[in-house]
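> turn this into a structure:
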Amino acid sequence: MAHQHSLNVISSLENQQVFITGASGFLGKAIVEKILREVPGIGRIYLLIRGSKQQSAQQRAVEGVFGSSLFDVLRSEHGERFESFISEKVQIVEGELTQPMFGLDSPTFAGIASQLNLIINSAASVNFREAMDQALEINTLCLNNIVALANYKSAPQSVTPVVQVSTCYVNGHNSGVMREKVAAPASGLIEAIDHDTYAIDTVIAKLQQKIEGIRTRFTSIVKQDQKLIELGITQSRHYGWNDTYTFTKWMGEQLLIQGLGKNNLTLLRPSIIESTISSPVPGWVEGVKVADALIYAYAKGRVSIFPGDDNGLLDVIPVDLVANAALLSGAELLTKSEGYRIYQCCSGSSNPIRLKQFIDYMQQASLEQYESLPKLFAGKPNETFKTVSPKKFGLYMRALTTYTWVKTSVSRLFGSKSADKQLLKAQTTASLAMIFGFYTAAKYRFDSAKLEQLSAKFSQEEQRKFEILASSFTWKSYLQDIHLPGLHKYALAHKKSLVKNQVPVQEKKQAA
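Modelled structure (predicted):
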């Protein structure tokens, strides 16, 4: 152990029992795939998956997790042994994150808890406009179940260590360089217990009181929902965060630090997670992520102006780098688990990209590739995409809505449809901006020095295999050759071509 590469992912995870939540999500899948492909000697992975009336957890796992194109490489490596390899290594636990003991009966909970060597919690509600009660349940309160699972064995030396996937944006409305440490609430409104913990119990109690108040006051479910979403936004901003997601994730970090007694814990904070850079394939992505909302809106000609700061850093990180960071963190915890650590997996310090540059690369690629990406582009994009300060954007939207409203009422008299299009465009822009504007006009840069130091403790070979550095790729090539074609190939796999009567174009070979 004397030489400096003291840590090893593969030997640390060999024969270990790992409990993973959020496996049906984007990052969760990537973590599960990476472990199974790189550490085939893993003992067992327990996946907590919710079942429904329509589908058992087992079916959801077969279709939604292992049926994903992300597993194609592993599937071809194992050939017809793929199914038996999965059933040998993976146990599906049908349960609900937010129920006490995940809704399992005591013997089942105990049986699993007593086996575990590591817990990776990647489940979250990433909806930025989630109703306050939902976000609180999923991102904060259910971590009490994670604490109960970790502490089950009761002897202090046998607490099961936890990797909690948080987000860089728990830094909220702070500004400047954000280091890998507990973020103080920007508002100063939450009482500090000591230098790194805060009295979240009082905050949670106040929020629950307000939630109850809304439920008593409004009987209609629709009205309740609307009010709970508004509550989420006003309370998050009151305490110093942009949205319900980041506020409840910050409280989740606090709950774990306190619940695990500041030991056996790593908080892994990714920034905006996007498509894979290389592993297992380049460009794999699911659904629309933060930065893709910009790309889609531009591609569909629905938006040509967006709030943001051209010189602000857009902190994007490929999902395979985040999955690698989770494995490095897990290996470290299995080797030494005293104390707790915070790692930020991001691009802002090792390979920063400014919003302006991001948009330029995208526009350039769109003009060159629109014909080969017919599910993304209906034709040649004809507008340039401009960013304006959030304040100017507000004025612009007000002017546009008034102008469009006048134009729409006039043209309705004359039966024109074009003004309705303008209105749709204005509404799309406004809602995208409201949700994502904060992330494109961030006032800080995330530091990842500690994660880089962790990576250096592994062998050169493992550093390559479990790459975490954003400096390992160039933005131009990632965005233009990997990400855009990946969006087309994976995120839009089931969509029809937008080009009328189009003969499908042969997919351009992706840069490997």
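> CA only for contacts and neighbour counts going forward, please
Fine.
> can you count the residues close to Arg217?
Arg217 has 11 neighbours, counted by other CA atoms under 10 Å.
> where's it relative to Ile190, distance?
27 Å (CA to CA, to the nearest Å).
> check which residues of stretch 326-342 are buried.
326-334, 337, 340-342 (16 or more other CA atoms under 10 Å).
> inside strands: which ones of those?
When the buried residues of stretch 326-342 are checked against strands (DSSP state E), the matches are 340-342.
> tell me where the stretch 401-512 of the chain has strands.
Taking DSSP state E, counting those that start in this stretch as the test, the strands found in the stretch 401-512 of the chain are 444-446.
> could you do the stretch 101-250 of the chain as well?
Under DSSP E, counting those that start in this stretch, the stretch 101-250 of the chain gives strands at 118-121, 162-165, 176-178.
> point out the most buried one among those strands.
strand 162-165 (a mean of 26; mean count of other CA atoms under 10 Å).
> so for it, mean pLDDT?
Averaging pLDDT along strand 162-165 gives 98.
> now tell me what touches that strand from outside.
118-123, 150, 253, 264-270, 326, 329-330, 333 (CA atoms under 8 Å, 6 or more residues apart in numbering).
> same check, this time on stretch 333-343
7, 12-13, 117-118, 161-162, 180-182, 257, 262-269, 448, 450-451.
> at 6 Å instead, please
180-181, 262-269, 451 (CA atoms under 6 Å, 6 or more residues apart in numbering).
> CA-only coordinates of it in CSV, if you can.
What follows is stretch 333-343, C-alpha atoms only, in CSV (Å, rounded to 0.1, in the frame of the first residue of the first chain):
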residue,chain,number,x,y,z
LEU,A,333,-15.5,4.4,0.6
LEU,A,334,-15.0,0.7,0.6
THR,A,335,-11.3,1.2,1.5
LYS,A,336,-11.7,4.0,4.0
SER,A,337,-15.0,5.3,5.2
GLU,A,338,-14.3,7.6,8.1
GLY,A,339,-15.3,11.2,7.7
TYR,A,340,-17.4,12.4,4.7
ARG,A,341,-16.3,13.9,1.4
ILE,A,342,-17.8,16.1,-1.3
TYR,A,343,-16.7,15.8,-4.9
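> what is the mean pLDDT for that stretch?
95.
> now do stretch 59-67
Across stretch 59-67, the average pLDDT comes to 96.
> ok, and for that stretch, which residues are buried?
60-61, 64-66.
> if we take the residues you listed, which one ends up nearest to Ala113?
Ala61 (21.0 Å; CA to CA).
> and the gap between that closest one and Ile138?
20 Å.
> for Pro374, what are phi and psi?
phi -70, psi -10 (degrees, to the nearest 10).
> and it, what does it touch?
Neighbouring residues of Pro374 by CA under 6 Å, 6+ apart: 497-498.
> hmm, try it at 8 Å
497-499.
> which member of the buried residues of stretch 326-342 is positioned nearest Met397?
Closest to Met397, out of all of the buried residues of stretch 326-342 and judged by CA to CA, is Ile342, at 39.5 Å.
> can you tell me the closest non-neighbouring residue to that closest one?
Distances taken as CA to CA, 6 or more residues apart in numbering place Leu267 nearest to Ile342, at 4.7 Å, with adjacent residues excluded.
> ok, what's across the strand from that neighbour?
Gln164, Ile342 (DSSP bridges).
> neighbours of Tyr370, just the number please.
18.
> ok so, going back, and the residue nearest to Ile342, what's its pLDDT?
98.
> that one and Ile49, how far apart?
The gap separating Leu267 from Ile49 is 22 Å, by CA to CA.
> point out where this protein drops to low pLDDT.
1-4, 154-157, 302-303, 400, 403-423, 425-426, 500-512 (pLDDT under 70).
> stretch 315-324: how far from the chain's middle?
10 Å (CA atoms, centre = their mean, to the nearest Å).
> hmm, I was thinking of stretch 80-99
Centroid displacement of stretch 80-99 relative to its chain, using CA atoms, centre = their mean, is 22 Å.
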